[in-house]
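>>> fold the following for me, if possible:
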Amino acid sequence: MKNILFITIVAILLSGCVTRKVPVMIEARTVASISEMGVHKLNCEMIDTQTLMDLHPNNVTPTLKNKTFESGGNRYRIATVLDERKGRPSSVVAEIYHCPISFQTKPAGVVKLLPGAHEVKPVSFAEIENVNCKVVGSHVVEETSPDSVYTELSNEVFMSGGNRYHITKIIATDGVNTTSVSADIYRCKHQSVAFE
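Numbering: from 1, shown residues only. Okay, the predicted model is just below:
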């Protein structure tokens, strides 16, 4: 009898105490929050408002991303927090915006990696300390598609005679992904390690 009671209590504890997590739709993963200043700077257009009531705090952001995408927006801003649970919002009024994309695709279209540039990689601190690396120069990747930033940077490092880079500053993003960076270009001599 004690075993049955114990198994019943364990089953209740393991199955009944979990809040279902709201999955973010694949298309809504690029949706991001935005500040009031960002709304004005990016000339965003408010297209809808949503009121979310009595959600688990972990589900507020995924639900907002999904609702924003379904409404045709790409940014959201929590205007008012109506209720909180453990210091985190559980009921909110959110504004949904459509903001223009701030980067322009280069005239050449999609940038492809140059032959030889595939060996260009970010520099690690171990390489700087243990290998002879010298700074060759620096480069700024102008605003472009997030898919092309690292390809353009690798190509520029390769054409400058380098084989490593260190991003010193992220200049611009589309809210989620990097669209412009500043980087130092390194030329590192590779040495094989001889274990004794």
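>>> helix, strand, or coil at the most centrally placed residue in the chain?
Note on the chain: the residue nearest the mean C-alpha position is residue 176, at 4.0 Å, using CA atoms, centre = their mean. Secondary structure assignment for residue 176 (DSSP: H, G, I helix; E, B strand; the rest coil): coil.
>>> list the contacts for it?
Contact partners of residue 176, counting by CB atoms under 8 Å, 6 or more residues apart in numbering, are 29-30, 32, 146. Using the backbone N, CA and C atoms, a C-beta is placed for each residue, glycine as well.
>>> same thing with residue 152?
111, 141, 144.
>>> okay, and which of these map to strands?
residue 141 (DSSP state E).
>>> out of the contacts of residue 152, which is most surrounded?
residue 141 (23 neighbours; other CB atoms under 10 Å).
>>> that one and residue 80, how far apart?
Residue 141 sits 39 Å away from residue 80, going by CB to CB, to the nearest Å.
>>> then residue 111?
Taken as CB to CB, the span from residue 111 to residue 80 is 43 Å.
>>> next: residue 51.
To residue 80, residue 51 is 9 Å away according to CB to CB.
>>> between the two, which contacts overlap?
92-93.
>>> all the strands of this structure, residue numbers only.
32-33, 45-52, 75-85, 88-98, 121-122, 133-141, 164-173, 178-188.
>>> tabulate those strands (JSON lines), appending mean pLDDT and distance to residue 155.
Putting the strands of the chain into JSON lines (pLDDT from 0 to 100; distance: least, CB to CB, whole Å) gives the following:
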{"stretch": "strand 32-33", "mean pLDDT": "84", "distance to residue 155": "28"}
{"stretch": "strand 45-52", "mean pLDDT": "92", "distance to residue 155": "36"}
{"stretch": "strand 75-85", "mean pLDDT": "92", "distance to residue 155": "31"}
{"stretch": "strand 88-98", "mean pLDDT": "93", "distance to residue 155": "33"}
{"stretch": "strand 121-122", "mean pLDDT": "86", "distance to residue 155": "13"}
{"stretch": "strand 133-141", "mean pLDDT": "85", "distance to residue 155": "10"}
{"stretch": "strand 164-173", "mean pLDDT": "86", "distance to residue 155": "11"}
{"stretch": "strand 178-188", "mean pLDDT": "87", "distance to residue 155": "12"}
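>>> as JSON lines, those strands with distance to residue 154 would be great.
Putting those into JSON lines (distance: least, CB to CB, whole Å) gives the following:
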{"stretch": "strand 32-33", "distance to residue 154": "26"}
{"stretch": "strand 45-52", "distance to residue 154": "36"}
{"stretch": "strand 75-85", "distance to residue 154": "30"}
{"stretch": "strand 88-98", "distance to residue 154": "33"}
{"stretch": "strand 121-122", "distance to residue 154": "8"}
{"stretch": "strand 133-141", "distance to residue 154": "10"}
{"stretch": "strand 164-173", "distance to residue 154": "8"}
{"stretch": "strand 178-188", "distance to residue 154": "10"}
